[in-house]
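In: Whatever this is, show me its structure:
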Amino acid sequence: MTNEIDFTNIDNYLDSISESPSIQKEFAKPLYKKWFRSKTQTGFLSITPWNEALKLKIDIGKTSPDGKLISSTAVFVDTVDFAAYLKSIANANAFINYPQNDRLGIPTNEGFVSYGGSVIDNKPVSRIFKAHYWSSGESYDDSAFAWKCGHFAARKSESGAFIPDMKTPLSVDSIKVSRQEICSISYLIDLSMISYVSNKTDWFSI
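Out: This next block holds a predicted model:
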């Protein structure tokens, strides 16, 4: 697989993932999968490693009561950055390492955001992952986190960055994740990366 991918232009390659079933089959099985059910909706969270690119695919979706898929939004985050963030929460120092940052769109302490994008059907699309305290009405509950995956219409800057139009969402899904679940996910990602780098000593050259 790695011989066929130009990792210097990885965002363009991501475009083909949802369009090519043969490529999709080469991804590892989900490292973590959670199903949820509330009074108003049911859905899932799936985290799948793409170790060859040091990326994690995070997919959040909603299902109907009879199990049919209603919506699903997938994004990619940097494995090292995301693993560091989760471990910081598990180690109880994320309050210091990841403070509130309104400029980046992080409304609470212990938040995280990852911006990316690609051109789909000849149109630029911004892909955003965001995590922050769970909101309850107008207030935030720091005992759990809201994880959100979003695709937005975008424009491409001269530098190649995708500038999202937050008023034009194309697909948005979210899920509630507890601190206990974050500890488990953090441990799984650590084990996954340890296993990968132990068998690929030049992993850092990606």
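
In: what's the offset of the longest helix seen in the chain from the middle of its chain?
Out: Counting residues, the longest helix found in the chain (DSSP state H) is helix 179-199. Put simply, helix 179-199 sits 15 Å off its chain's centre (Cα atoms, centre = their mean, to the nearest Å).

In: list the buried ones in it?
Out: For helix 179-199, the buried set under the neighbour-count rule, 16 or more other Cβ atoms under 10 Å, comprises 181-182, 185-186, 188-189, 192-193, 196. C-beta coordinates here come from the backbone N, C-alpha and C atoms, glycine included.

In: Output those residues in CSV; the columns should cover distance to residue 60 and pLDDT.
Out: Output for the buried residues of helix 179-199, formatted as CSV (distance: Cβ to Cβ, whole Å; pLDDT from 0 to 100):
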residue, distance to residue 60, pLDDT
181, 13, 96
182, 15, 97
185, 13, 97
186, 18, 98
188, 17, 96
189, 17, 97
192, 19, 94
193, 22, 94
196, 24, 92
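
In: From those residues, pick the one nearest residue 131.
Out: residue 182 (9.0 Å; Cβ to Cβ).

In: Could you give the number of residues near the closest residue to that closest one other than its chain neighbours?
Out: In space, and not counting its chain neighbours, residue 182 is closest to residue 89: 5.2 Å by Cβ to Cβ, 6 or more residues apart in numbering. By the other Cβ atoms under 10 Å criterion, the neighbourhood of residue 89 contains 21 residues.

In: cool, and residue 29?
Out: Residue 29: 8 neighbours (other Cβ under 10 Å).

In: The residue nearest the centre of the chain and residue 35, how far apart?
Out: Against the mean C-alpha coordinate of the chain, by Cα atoms, centre = their mean, the closest residue is residue 58 at 3.9 Å. In this view, residue 58 and residue 35 are 15 Å apart by Cβ to Cβ, to the nearest Å.

In: again, but for residue 96
Out: Counting by Cβ to Cβ, the gap from residue 96 to residue 35 is 33 Å.

In: got any ranges where the chain has weak pLDDT?
Out: 1-27, 206 (pLDDT under 70).

In: where exactly do the strands run in this structure?
Out: 32-37, 42-50, 55-63, 69-78, 112-120, 123-136, 139-156, 162-178 (DSSP state E).

In: what angle separates the longest one from strand 123-136?
Out: For the pair strand 139-156 and strand 123-136, the angle between their directions (axes from the mean of the first three to the mean of the last three Cα atoms, to 10 degrees) equals 170 degrees.

In: now strand 139-156: how far from the chain's centre is it?
Out: 10 Å.

In: Equivalent analysis for the fourth one, please.
Out: Using Cα atoms, centre = their mean, the mean C-alpha position of strand 69-78 is found 7 Å from that of the whole chain.

In: got a list of contacts for it?
Out: Identification of contacts with strand 69-78 by Cβ atoms under 8 Å, 6 or more residues apart in numbering yields 14, 18, 43, 50, 54-64, 114, 116, 127-129, 149-151, 171-173.
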